[in-house]
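> Sequence and predicted structure, then a few things I'm wondering about:
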Amino acid sequence: MKGRILKQRVLDLLGSEDLDFALEVLCSMPLLRVINSLFSFLYSTDEQIKWRAITAMGAAVARLADEDMEQARIIMRRLMWNLNDESGGIGWGSPEAMGEILACHELLANEYVSVLISYARKDGNYLELEMLQRGLLWGVARLSQVRPYLVQDAVSDFMQYLQSIDPAVRGLAAWLMGLLEAGDAREALEALTDDDARLSVYKDRKLINCNVKELAEEALKKVTKVTKV
């Protein structure tokens, strides 16, 4: 299948009503070629296509890692390069894809979680752009849905985002604090319970429109439950 035809086939599958079936088909195709096509859709202005590309990237790279771990590491390094100033690009979608991949594959998660966390650290590979911070927080939250123990010790690195000027960053940080059941974030979360700013969050493969206070209140319930126990 020629490159242009394969890319269109990938796009058609990403737009399919049955995402599970689409992922199954994508992972049955030549994985490296599929992944190369998915990279271009991380930049899509169509929110549904972008997020489905991120989901598909996780599934495809996890399958690749089971077959050829070194090739999967090359994909991870490519995502890391996209976030490097020297790459000449911006890296849209890269931290989200990294988080999705690590959520999907345990060995890759163990190897690369420290890299993902480093993007939140001023003494690491700190991402200054709020749009990239959104992606980072989503990626870490996605990983935390599956492997919270890998992120637990880094709670303090992410609490700073609860006071961001960007509403989406604040909301995603609140979501993350809830997933990590971060008791230390209680006071900062309480300060967000009057925050009506709107944002969209991709959760459980659906885009959900909500406001910051809803995510903060949801997080507080988890934090309070753990504290009482």
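That came in fine, so what should we check first?
> contacts and neighbour counts: CA atoms only from here.
Fine.
> name the element residue 45 belongs to?
Using DSSP states H and E, residue 45 falls within no helix or strand.
> Not counting its neighbours along the chain, what's nearest the spatially most central residue of the chain?
Taking C-alpha atoms, centre = their mean, the centroid of the chain lies closest to residue 139, which sits 2.2 Å from it. Counting by C-alpha to C-alpha, 6 or more residues apart in numbering, the nearest residue to residue 139 once its immediate chain neighbours are dropped is residue 99, at 3.8 Å.
> Name the residues that touch the helix or strand harbouring residue 169?
Using DSSP H and E, residue 169 sits in helix 167-179. Contacts to helix 167-179, defined as C-alpha atoms under 8 Å, 6 or more residues apart in numbering, come from residues 130, 133-134, 137-138, 140-141, 144-145, 148, 155, 158-159, 161-164, 185, 189, 197-201, 211-213, 215-216, 218-223.
> need the next SSE after the helix or strand hosting residue 187, C-terminal direction.
Assigned by DSSP H and E, residue 187 belongs to helix 186-190. Using DSSP H and E, the helix or strand that follows helix 186-190 in sequence is strand 198-203.
> Okay, buried residues for the next helix or strand after that following strand please.
Note on strand 198-203: by DSSP H and E, the next helix or strand toward the C-terminus is strand 206-211. Under the neighbour-count criterion of 16 or more other C-alpha atoms under 10 Å, strand 206-211 has residue 211 buried.
> Map the structural domains onto the sequence of the chain.
1-150, 158-229 (automatic domain parsing).
> burial of the nearest residue to residue 44 once chain neighbours are set aside, as a residue count?
Closest residue in space to residue 44, ignoring its immediate chain neighbours: residue 50 at 5.2 Å, by C-alpha to C-alpha, 6+ apart. Residue 50 has 20 neighbours, counted by other C-alpha atoms under 10 Å.
> for the one 4 residues further on, same thing?
For residue 54, the number of neighbouring residues by other C-alpha under 10 Å comes to 26.
> Kindly report the same for residue 44.
15.
> And the next helix or strand past the helix or strand where residue 38 lies?
Per DSSP H and E, residue 38 falls inside helix 31-41. On the C-terminal side of helix 31-41, the nearest following helix or strand under DSSP H and E is helix 47-67.
> Mind giving me the packing neighbours of that next one?
Where contact means 3 or more C-alpha pairs under 8 Å, 6 or more residues apart in numbering; DSSP states H and E, helix 47-67 is packed against helix 3-14, helix 19-26, helix 31-41, helix 69-82, helix 94-104.
> Low-confidence regions, the protein specifically.
Applying pLDDT under 70 to the chain picks out residues 1, 85-89, 226-229.
> So which of the helices and strands packed on helix 47-67 is the most surrounded?
Among the helices and strands packed on helix 47-67, the stretch with the highest mean neighbour count (mean count of other C-alpha atoms under 10 Å) is helix 94-104, at a mean of 27.
> Quick one: distance of that helix to the chain centre.
Distance of helix 94-104 from its chain centroid, counting by C-alpha atoms, centre = their mean, to the nearest Å, is 5 Å.
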